[in-house]
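# okay, predicted coordinates and the sequence, questions at the end:
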Amino acid sequence: MRRELYDGGFGTVTRIDRRMQTPGRERWTVTRLRLIGVPSSAGAHAPGLEQGPEKLRAAGLASALAAAGVMAQDWGDLPASSFATTAAESGARNLPAVMEVVSRVALDAESLVLFGFHPAQLSAGQWRRYASRNLYGVPVTDITAGTAGRRATTALARLRGKDALVCHLDVDVIDYARFPLADCPRYHGGLSLSDTFDALQAAAGHPGLACLTLTEVNPDHDPTGELTSQLVSRWSAAVAAGIQC
């Protein structure tokens, strides 16, 4: 059976086949990645994110995937949505535009594992919602250096029986002091590059992998393009290593 799913952020839409891996078990077989750009800074802290898809393409995202052995097809961008200063009474900035973008790319998510987030990023209200909805997470403060791949594999085992997995990588999870490309700086409070991509490889190797996203890249923080190129190279290698295992 063949199915097509799509994602949000600047991500990859993965065309997938099912094949029997062992009797009674099925696994997605990745045959092609479809790249869809979502050039939006509507809900960001400042402008810049809307340039992400263009810069990731210029850094060779499709060719990096091909070099790693993964076929990719570029499906272009959704309509751009830019930063604005308007805020709803709740304090949410540019809420109508944000909801419009979300409505274009949303997926039904049966389950969620939060991995590598910093506890300080959640407000008291967000922690209450986190607890009331029985969400499962592994904060960065609980991940010892060099263990992210193993910890991610353990966390993802909770989703082993799910039909499809969406892997969302927000580069804000990376320590900004080591890799200052994210939209929201967090110095000395994120994952290292090696841990980040070890965790990504674990997610890409999940038998239910259906979709990948790569988000929060702010090209304004990378005037030479060096960081974006490094991100593209390492992201592509980790994805390829995971789906080919």
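Looks like it arrived, so ask away. Residues are numbered from 1 along each chain as shown.

# ok, and the helix or strand in this structure with the lowest average confidence?
Evaluated with mean pLDDT, DSSP states H and E, the helix-and-strand set of the chain has its lowest mean pLDDT in strand 2-4, which scores a mean of 29.

# quick one: low-confidence parts of the chain?
Low-confidence segments of the chain (pLDDT under 70): 1-31, 86-93, 101-102, 104-111.

# quick one: the helices in this protein?
Secondary structure of the chain (DSSP state H): helices located at 52-58, 61-67, 95-105, 124-132, 148-156, 193-204, 226-243.

# winner for burial among those?
Ranked by average neighbour count under the criterion mean count of other C-beta atoms under 10 Å, the helices of the chain are headed by helix 193-204 at a mean of 23. Every residue, glycine included, has its C-beta placed from N, CA and C.

# got the angle between it and helix 226-243?
Between helix 193-204 and helix 226-243, the angle formed by their directions is 40 degrees, by axes from the mean of the first three to the mean of the last three C-alpha atoms, to 10 degrees.

# helices or strands up against helix 193-204?
For helix 193-204, the helices and strands in contact under the criterion 3 or more C-beta pairs under 8 Å, 6 or more residues apart in numbering; DSSP states H and E are helix 148-156, strand 165-170, helix 226-243.

# output the contacting helices and strands for the shortest one.
Right, strand 165-170. The criterion is 3+ C-beta pairs under 8 Å, 6+ apart, and the helices and strands that strand 165-170 contacts are helix 193-204, strand 209-215.

# list the buried ones in that strand?
By neighbour count, with 16 or more other C-beta atoms under 10 Å as the criterion, the buried positions of strand 165-170 are 165, 166, 167, 168, 169, 170.

# any chance of these in CSV, plus distance to residue 147?
Putting the buried residues of strand 165-170 into CSV (distance: C-beta to C-beta, whole Å) gives the following:
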residue, distance to residue 147
165, 21
166, 23
167, 19
168, 21
169, 18
170, 20
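
# list the contacts of stretch 193-203.
The contact list for stretch 193-203, computed with C-beta atoms under 8 Å, 6 or more residues apart in numbering, reads 115-116, 143, 145-153, 156, 165, 167, 169, 173-174, 178-179, 191, 209, 234-235, 237-239, 241-242.
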